[in-house]
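Asks: Give me coordinates for this.
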Amino acid sequence: MASLGHSLTEEALHDMISAADKDGSGEIDFLEFLTMMEKKMNNTDSEEEIREAFKVFDRDGSGKISAAELRHVMTQLGEKLTEEEVEEMVLEADLNGDGEIDYEEFVKMMTGK
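Replies: A predicted model of the protein is given here:
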């Protein structure tokens, strides 16, 4: 979250995770993560913040988020994902079917718009 310009206390992070953990597993799965980020982005909703979040994921600056980049960021956020889970995440967000997530697809994924 600090990479996205948000600093959180340990307690605030715990509260955020508890609120997002709809199935009570103690962990946030990808859909719970998306829901949490969607709410966060809709609360702040500025194009600049969304662009900055995209840059966090787009590590090589290509304008697209690859499966490897997505896996890296999710790992940094504490998510231990299998190759299949990462591929499923990309497929879910990849609206044009090119195997990567471009900025427009990212915006739709993060805002639900």
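Asks: close enough to count as contact, Met37 and Met110?
Replies: Yes. With contacts counted by CB atoms under 8 Å, Met37 reaches Met110, the gap being 5.7 Å. All C-beta spots, glycine's among them, are computed from the backbone N, C-alpha and C.
Asks: the more surrounded of the two?
Replies: Each of Met37 and Met110 has its neighbours counted (other CB atoms under 10 Å); Met110 has more, 20 against 17.
Asks: dump the residue contacts of the more buried one.
Replies: Residues in contact with Met110 (CB atoms under 8 Å, 6 or more residues apart in numbering) are Leu34, Met37, Glu38, Met41, Ile50, Ala53.
Asks: and which of those is nearest Asp15?
Replies: Taking CB to CB as the measure, Asp15 sits nearest to Met37 out of those, at 15.6 Å.
Asks: Over to that closest one. Which of the three states is it?
Replies: Of the three states, Met37 takes helix under DSSP: H, G, I helix; E, B strand; the rest coil.
Asks: Would you mind measuring from it to Asp23?
Replies: 17 Å (CB to CB, to the nearest Å).
Asks: re earlier: buried ones among the contacts of Met110?
Replies: Buried members of these, scored by 16 or more other CB atoms under 10 Å, are Leu34, Met37, Met41, Ile50, Ala53.
Asks: Dump these to TSV, plus distance to Asp60, pLDDT and secondary structure.
Replies: Shown next, in TSV, are these (distance: CB to CB, whole Å; pLDDT from 0 to 100; DSSP: H, G, I helix; E, B strand; the rest coil):
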residue	distance to Asp60	pLDDT	secondary structure
Leu34	23	76	helix
Met37	21	74	helix
Met41	23	63	helix
Ile50	19	83	helix
Ala53	16	86	helix
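Asks: Among those, give me the pair with the biggest separation.
Replies: Leu34 and Ile50 (13.8 Å).
Asks: How about the contacts made by the residue nearest to Leu95 when sequence neighbours are not counted?
Replies: Nearest residue to Leu95, sequence neighbours excluded (CB to CB, 6 or more residues apart in numbering): Glu105, at 5.1 Å. By CB under 8 Å, 6+ apart, Glu105 lies in contact with Ala93, Asp94, Leu95, Asn96.
Asks: How about Arg59?
Replies: Counting by CB under 8 Å, 6+ apart, Arg59 makes contact with Glu69, His72, Val73.
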